[in-house]
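>>> How does the following fold in three dimensions:
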Amino acid sequence: MSERLHTAPMPEGEYFDSRRFTGLSTLLGVIAVVSLLLCLVGAFVNPHQFSYSWLFAFVFFFTLCAGCFFWTIVHHATDADWSVVVRRQLENIAVLLGVLAVLFIPILLLRRHLYSWMDIPLGHEANLDSKRAYLNFHWFFIRTIIFFGFWIVASLLLRRFSARQDKDGNPLFTIWMRRVSFISLPLFALCLTFGAVDWMMSLNFRWYSTMFGVYIFAGTAGSSMALLVLVITALRQAGYLKGIVTFEHYLIMGKWMLAFCVFWAYIGFGQYMLIWYANIPEETQFFLTRNTQSWWALSMILVIGRFFVPFGILLLQSIKKNPHQLSILAGWMLLMQMLDMYLIVLPALHVYLRYTEQACT
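Okay, here's the model as predicted:
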């Protein structure tokens with residue numbers, strides 16, 4: 001009897017019945033296996049194209065998982081109340097950073113197809129020679145280990161402390177999670193910024209932008225909040241979190257989506273304006289590529305679809321309180337995040353192919 005009295009009740013989320021999703025899990029598992037086999041074929045048929053496609057997929061899902069980790073540490077650092085009931089979903093997605101560490105291995109194996117600076121010898125490119133203290137494979141590899149090591153350890157600690165607190169209700173875990181989060185905030189900013197520089201900006205070693213890390217963070221935070229809306233809505237439709245996640249929670253999540261929609265546009269415009277005004281060839285080449293040929297249409301779709309469309313809709317409070325309508329908009333914002341990552345990664349491939357054809361002729 002005494003043992004029963006001192007055992008804290010398990011929250012509703014811990015009674016998740018995975019058998020209800022057996023069919024969906026099996027279908028997704030089959031799709032994953034088939035997709036990996038096709039990726040293996042693509043890696044042998046055209047490793048150069050495959051490497052860019054894999055990097056594009058990696059950075060898209062990485063931004064979602066990293067964003068959920070960001071919202072988790074912000075929850076503990078600020079002692080937020082509204083995110084208590086959705087925190088477990090953020091934690092579950094954040095720990096997938098460990099899976100992404102494994103999925104980064106193909107990028108390391110195919111690195112010479114992605115990063116031309118790894119093959120250019122010393123003395124052949126003055127622009128690169130001035131950056132070799134940073135742009136070299138050994139430090140690239142060490143930094144990658146540090147980035148993923150931090151993300152994996154911190155996300156697993158927060159998930160473990162949170163689950164153990166749900167079992168025994170020990171308030172000491174709150175203090176531990178807060179300490180981990182305070183340490184993680186500056187480390188997250190550094191790792192995300194330098195990870196974006198290493199994995200995305202260095203695709204073109206001649207180009208640079210001091211705002212690139214903040215730009216990636218803006219898209220990361222906004223898209224991960226959109227993902228949270230979709231996950232919470234799916235769980236509510238499956239019978240979970242009813243009476244726990246209310247319309248007020250959707251209102252707050254919608255406000256965060258609106259805030260980072262504006263912040264993304266502000267950083268994106270600021271980066272573009274400063275590069276346009278300075279008119280330095282090393283900087284302008286990034287936008288010259290994306291503002292010409294068929295890339296221009298995609299860039300316009302991104303600007304309109306990522307800012308103007310969601311901004312006007314999210315101003316309406318009724319939309320933010322409607323789970324179904326907000327979920328549709330959240331799905332649209334995830335699509336725009338995918339387009340954003342596509343425009344960062346894939347043009348580098350086509351620029352490389354164009355230069356190769358010109359060299360051959």
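>>> so where's the protein shaky on pLDDT?
1-21, 351-361 (pLDDT under 70).
>>> Report the central residue of it.
Central residue of the chain (Cα atoms, centre = their mean): residue 63, 0.5 Å from the mean position.
>>> for the nearest residue to that residue once chain neighbours are set aside, what are its contacts?
With sequence-adjacent residues excluded and distances taken as Cβ to Cβ, 6 or more residues apart in numbering, residue 63 is closest to residue 220, at 4.3 Å. The way it works is simple: take the backbone N, C-alpha and C, and place the C-beta from them, glycine included. Listed by Cβ atoms under 8 Å, 6 or more residues apart in numbering, the contact partners of residue 220 are 63, 64, 66, 67, 70, 192.
>>> Mark which of the residues you listed are part of strands, please.
Using DSSP state E, no member of those falls in strands.
>>> what number of residues lie near residue 67?
Taking other Cβ atoms under 10 Å as the neighbour definition, residue 67 ends up with a count of 27.
>>> and it, what is it in contact with?
Counting by Cβ under 8 Å, 6+ apart, residue 67 has contacts 220, 221, 222, 223, 224, 225, 227.
>>> what helix or strand is the third one on?
Put plainly, it is residue 222. helix 212-237 (DSSP states H and E).
>>> Tell me the helix or strand right after that helix.
helix 247-278.
>>> Starting from that next one, tell me the next helix or strand along the chain.
helix 281-290.
>>> Which strands and helices lie in contact with that following helix?
Judged by 3 or more Cβ pairs under 8 Å, 6 or more residues apart in numbering; DSSP states H and E, the packing partners of helix 281-290 are helix 247-278, helix 295-303, helix 323-360.
>>> Other residues contacting that helix?
Here helix 281-290 has contacts from 127, 204, 206-209, 272, 275-276, 295-296, 298-299, 343, 347, 351, using Cβ under 8 Å, 6+ apart.
>>> Stretch 128-139 too?
So stretch 128-139 is contacted by 111, 117, 118, 120, 122, 123, 202, 205, 206 (Cβ under 8 Å, 6+ apart).
>>> same deal with stretch 239-252?
12-13, 16, 82, 85-86, 229, 232, 235-236, 317, 320-323, 326.
>>> Are any of the contacts of helix 281-290 buried, and if so which?
204, 207, 208, 209, 272, 275, 295, 298, 299, 343, 347 (16 or more other Cβ atoms under 10 Å).
>>> Now tabulate those in CSV and tack on distance to residue 252.
Output for these, formatted as CSV (distance: Cβ to Cβ, whole Å):
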residue, distance to residue 252
204, 39
207, 37
208, 37
209, 32
272, 31
275, 35
295, 36
298, 32
299, 32
343, 30
347, 36
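>>> List just the nearest of the residues you listed to residue 92.
Nearest to residue 92 among the buried ones among the contacts of helix 281-290, counting by Cβ to Cβ, is residue 343 at 29.3 Å.
>>> can you pull the contacts of that closest one?
Taking Cβ under 8 Å, 6+ apart, we find residue 343 in contact with 290, 295, 298, 299, 302.
>>> just the angle between the host helix or strand of residue 173 and helix 212-237, please?
Using DSSP H and E, residue 173 sits in helix 172-199. If you take axes from the mean of the first three to the mean of the last three Cα atoms, to 10 degrees, helix 172-199 sits at 130 degrees to helix 212-237.
>>> residues of helix 172-199 that come out buried?
Along helix 172-199, these residues count as buried under the neighbour rule (16+ other Cβ under 10 Å): 173, 176-178, 180-181, 184, 188, 191-199.
>>> Also stretch 69-88?
Neighbour-count burial for stretch 69-88 [16+ other Cβ under 10 Å]: 69-77, 83, 85-88.
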